[in-house]
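Asker: The following comprises the amino acid sequence and a computationally predicted model.
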Amino acid sequence: MTAFRLSGKTGTFGILGNPIRHTLSPQMHLAAFEALGLDNVYLPFAVKPAQLKKAMEAIIPLGMRGLNITIPHKESVLPFLDEISLSAKRIGAVNTIEVSAGRLIGHNTDGKGFVKSLLEAGLDPSEMSVLMLGAGGAAKGVAIALLDAGVSEMTLQVRRQEKGAELAKRLYAMSPQVRLSVSTFSPKTTPASTTGRPILLINTTPLGMKADDPLPFLPSHIQANWVVADLIYNPYETPLLIAAKEIGAKTVPGLGMLLHQGVLAFEIWTKQKPPVEAMKKALFQALTDLQ
Ligand code: NAP
């Protein structure tokens with residue numbers, strides 16, 4: 001545990017969510033502030049939906065310098081912002097708030113963080129055909145960032161057809177040249193790329209967080225030339241990733257997305273080059289401490 005010397009000059013950052021006990025963001029950002037010698041703290045705030053308005057109205061009076069927003073407030077926070085970045089507007093959700101000249105500016109770094117985690121692993125998503133499991137909040141941000149990164153073929157596999165169709169419609173409106181299809185979860189569906197590109201399978205469902213969850217995808221369909229990514233970061237390696245690895249596929253755990261959304265938020269707040277290695281080390285330590 002890092003020891004902090006607080007003073008009247010200490011800047012306050014934090015994360016709003018409910019529940020918030022599971023968050024690893026304080027450890028990551030505190031390590032970053034420490035690595036750069038910045039006099040800042042980062043605190044978790046458990047804010048119930050009914051209290052969100054009051055919490056948002058307190059940011060400026062309390063002199064807070066920046067915030068992360070997590071479940072369940074990423075969308076409901078929008079009306080309390082003075083400005084919303086173009087990318088957050090397209091996603092319709094915010095995970096980072098910049099405080100600038102007494103104004104609250106909303107950003108979304110989740111999807112870009114995911115793409116950064118692929119690039120860091122030496123993978124170029126524009127060369128792959130995406131098969132995305134789930135169409136919830138995180139899937140939306142990730143899908144938009146993938147289109148921005150040049151992905152031209154994407155299948156959404158969902159349990160509710162209408163939810164997938166809604167996201168597909170939104171993606172198509174942004175990127176009419178993309179080949180999009182929606183299918184419902186079925187163990188019998190064998191995914192295929194019509195362009196012959198290797199498949200990038202992304203689990204955006206929560207299946208894999210609990211030990212007794214079923215697998216979100218049949219491992220027997222996974223091939224050795226696939227890349228399998230999971231947004232879940234606890235456990236670090238989900239049963240899906242373990243199964244994919246055994247088949248010989250390359251795997252990308254969700255901790256990389258968590259790291260890089262934080263790296264991008266840190267850059268927005270401090271305008272400084274984030275100490276990525278210190279942040280990564282702190283995240284691994286925080287995850288180990290949770291076990
Ligand atoms: P969400 O908005 O609730 O979306 C979850 C999606 O998964 C929905 O499409 C939902 O389908 C589907 N789903 C849920 N249970 C399912 C099941 N049993 N079978 C099939 N589909 C199921 O949640 P979210 O905010 O997108 O988060 C999803 C996951 O991403 C969570 O595990 C979260 O921890 C992780 N995440 C990670 C990061 C990171 O930085 N690594 C960031 C954000 C989120 P319906 O629409 O039919 O309900």
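Answerer: That came through, no problem. Numbering: from 1, shown residues only.

Asker: can you give me the end-to-end distance of stretch 227-244?
Answerer: End-to-end distance of stretch 227-244: 8 Å, with CA to CA, to the nearest Å as the criterion.

Asker: Can you tell me what sits against it?
Answerer: Contact with stretch 227-244 is made by 22, 24, 114, 117-118, 123, 128, 138, 142, 198-204, 206-209, 213, 215-217, 219, 222, 226, 245, 249-255, 257-258, 287, 290, as judged by CB atoms under 8 Å, 6 or more residues apart in numbering. The way it works is simple: take the backbone N, C-alpha and C, and place the C-beta from them, glycine included.

Asker: Ok, stretch 126-133 next?
Answerer: Residues outside stretch 126-133 that contact it (CB under 8 Å, 6+ apart) are 139, 142-143, 146, 149-158, 185, 191, 193-195, 197-205, 216-217, 227.

Asker: quick check: mean pLDDT across it?
Answerer: For stretch 126-133, mean pLDDT rounds to 96.

Asker: picking that back up, what about the ligand: which of the contacts of stretch 227-244 touch it?
Answerer: Residues of the contacts of stretch 227-244 in contact with the ligand (CB under 6 Å from any ligand atom): A138, T204, P206, L207, M209, G254, M257, L258.

Asker: Please identify the buried residues of stretch 93-103?
Answerer: A93, V94, N95, T96, I97, E98, V99 (16 or more other CB atoms under 10 Å).

Asker: Stretch 257-275 now?
Answerer: Applying 16+ other CB under 10 Å to stretch 257-275 flags 257-266, 268-270, 274-275 as buried.

Asker: Sort out which of these are in helices and list them.
Answerer: Mapping these onto helices (DSSP state H) picks out 257-266, 268-270.

Asker: now the residues you listed as TSV including pLDDT and distance to D39?
Answerer: Below are those laid out as TSV (pLDDT from 0 to 100; distance: CB to CB, whole Å):
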residue	pLDDT	distance to D39
M257	98	29
L258	98	25
L259	98	23
H260	98	25
Q261	98	24
G262	98	19
V263	98	20
L264	98	22
A265	98	18
F266	98	15
I268	98	19
W269	98	14
T270	98	12
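
Asker: Closest to L86 out of those?
Answerer: Closest approach to L86 among those (CB to CB): I268, at 13.8 Å.

Asker: If you check the stretch 101-250 of the chain against the ligand, which residue is the closest one?
Answerer: Going by CB to the nearest ligand atom, the ligand is nearest to G136 of the stretch 101-250 of the chain, at 1.8 Å.

Asker: ok, which stretches of this structure are strands?
Answerer: Remark: strands assigned in the chain by DSSP state E are 11-17, 40-46, 66-69, 83-84, 96-100, 103-107, 129-133, 153-158, 179-184, 199-203, 227-230, 250-252.

Asker: Name the residue closest to the centre of the protein, please.
Answerer: Nearest residue to the geometric centre of the chain (CA atoms, centre = their mean): D110, 3.5 Å.

Asker: ok, now how distant is that one from E75?
Answerer: Using CB to CB, to the nearest Å, one gets 12 Å for the distance from D110 to E75.

Asker: list residues touching both of these two?
Answerer: Residues touching both D110 and E75 (CB under 8 Å, 6+ apart): A93.
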